[in-house]
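Visitor: build me a model from this:
(chains A and B)
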Amino acid sequence: MTAESGAHALEPRPKPVHRSPLVSDGVLGMLIFIFAEVMFFAGLISAHSVVRSQAAGQMWPPYGQPRLPVEATAANTAALLVSGIVLVLAWLAFQRDRQSARVPLFLAILLGAIFVFFQGLEWVALLGEGLTLQSSSYGGFFYLIVGAHALHAVVALTALAWAWWRLDKGRLTAPLLATVSAFWYFVVLVWPVLYWKVYL
Amino acid sequence: MSRFWTTAFALVVLATLPESAHACAVCFDARGESRQAFLATTAFLSLLPLGMVAGTGLWLRRRARRMDADNHRSDP
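Guide: Predicted coordinates:
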């Protein structure tokens, strides 16, 4: 060891700079999960587009298959979008005063539940009209894509309800609300794309 | 020489596998709509992950810069 390197060894080390993380662990994990889910829905949409382009006589829906309720689902889509907006308001309220977020968070959950409920009613009606998973590729894609989205919506609503329960008990943290909200925003934002590709 | 035959064998296997799996190497369909759909979905599925990664990178960079600016402002 030279004298110079020894002197370097004796120099006090600079104090590490403590930086707060750019995003919480929960939000980062949720973002990675959402990326995977985006690719899942992108794959479904791509397969749907290819099969639709190969439909006999470019007829879509195929002959004998019921038409999807475009107008009723548009109203339902509006409820889902409003739910996303109300959740943004809940987040802003949470940052000001935590307890003031109770009402908007509850409203967001309620609007999301209304969306899922009416989607369920739509499914029952379509099954009654003869549209099933096996009736055609049209029915198969409809139930696969819309069903996958409904499953995500139910899971996200359960997570939001859990967050609301924690808020009610005074135990909800900002990173937790941001994490479950990110999942709901994904459910809300992916739906217009699915609506456009599947219903229109 | 052994490497040459291994490579040649691998190429022959790769060349014959799609046929036995009844797979089409180029997903060809004579109709314009189908070809357009294949092209559009290929582009969509290729660019979407790149866009997501790039978007997240840009968002994190902007967030880091904003946090640094806030820290400098709060330092005495």
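
Visitor: okay, CA-based contacts and neighbour counts for the rest of this
Guide: Noted.

Visitor: tell me the SS of residue A:171?
Guide: Secondary structure state of residue A:171, per DSSP: H, G, I helix; E, B strand; the rest coil, is coil.

Visitor: chain B: helices as residue ranges?
Guide: B:2-20, B:32-74 (DSSP state H).

Visitor: apologies, that question was intended for chain A.
Guide: So, for chain A - with DSSP H - the helices run A:3-10, A:25-53, A:70-96, A:102-128, A:137-168, A:174-194.

Visitor: buried ones in stretch A:56-68?
Guide: Neighbour-count burial for stretch A:56-68, with 16 or more other CA atoms under 10 Å in any protein chain shown as criterion, is recorded at A:61, A:62, A:65, A:68.

Visitor: may I ask you to confirm that the second one is in contact with residue A:54?
Guide: No. With contacts defined as CA atoms under 8 Å, residue A:62 does not count as touching residue A:54, sitting 11.1 Å away.

Visitor: pLDDT weak spots in chain A?
Guide: Along chain A, the model assigns pLDDT under 70 to residues A:1-9, A:17.

Visitor: residues of it that sit close to chain B?
Guide: Neighbours of chain B within chain A, by CA under 8 Å from any CA of the partner chain: A:22, A:35, A:39, A:42, A:43, A:46, A:49, A:50, A:53, A:54.

Visitor: buried subset of the residues you listed?
Guide: A:42, A:46, A:49, A:50, A:53, A:54.

Visitor: my read: the first one touches residue B:46, true?
Guide: No. Under the criterion of CA under 8 Å, residue A:42 is not in contact with residue B:46, lying 10.4 Å apart.

Visitor: determine which of the helices of chain B approaches chain A most closely.
Guide: Among the helices of chain B, helix B:32-74 comes nearest to chain A, with 5.2 Å by CA to the nearest CA.

Visitor: centre of the chain to the closest one, how far?
Guide: 13 Å (CA atoms, centre = their mean, to the nearest Å).

Visitor: for it, name the packing helices and strands.
Guide: Other helices and strands packing on helix B:32-74, by 3 or more CA pairs under 8 Å, 6 or more residues apart in numbering or on different chains; DSSP states H and E, are helix A:25-53.

Visitor: what residues of the helix it packs on count as buried?
Guide: A:27, A:30-31, A:34, A:37-38, A:41-42, A:44-53.

Visitor: please save the CA atoms from the helix or strand of chain B with the lowest mean pLDDT in PDB.
Guide: Lowest by mean pLDDT, DSSP states H and E among the helices and strands of chain B is helix B:2-20, with a mean of 82. Presented in PDB, the C-alpha positions along helix B:2-20 are these (Å, rounded to 0.1, in the frame of the first residue of the first chain):
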ATOM      1  CA  SER B   2     -18.400 -31.600 -36.200                       C
ATOM      2  CA  ARG B   3     -19.700 -28.100 -35.600                       C
ATOM      3  CA  PHE B   4     -20.600 -27.900 -39.300                       C
ATOM      4  CA  TRP B   5     -22.700 -31.100 -39.200                       C
ATOM      5  CA  THR B   6     -24.400 -30.000 -35.900                       C
ATOM      6  CA  THR B   7     -25.400 -26.700 -37.500                       C
ATOM      7  CA  ALA B   8     -26.600 -28.300 -40.700                       C
ATOM      8  CA  PHE B   9     -28.600 -30.800 -38.700                       C
ATOM      9  CA  ALA B  10     -30.200 -28.000 -36.600                       C
ATOM     10  CA  LEU B  11     -31.100 -26.100 -39.700                       C
ATOM     11  CA  VAL B  12     -32.700 -29.200 -41.300                       C
ATOM     12  CA  VAL B  13     -34.700 -29.800 -38.200                       C
ATOM     13  CA  LEU B  14     -35.800 -26.200 -38.000                       C
ATOM     14  CA  ALA B  15     -36.800 -26.200 -41.600                       C
ATOM     15  CA  THR B  16     -38.900 -29.300 -41.300                       C
ATOM     16  CA  LEU B  17     -40.500 -28.600 -38.000                       C
ATOM     17  CA  PRO B  18     -43.100 -26.000 -39.200                       C
ATOM     18  CA  GLU B  19     -44.300 -28.400 -41.800                       C
ATOM     19  CA  SER B  20     -44.900 -31.200 -39.300                       C
END
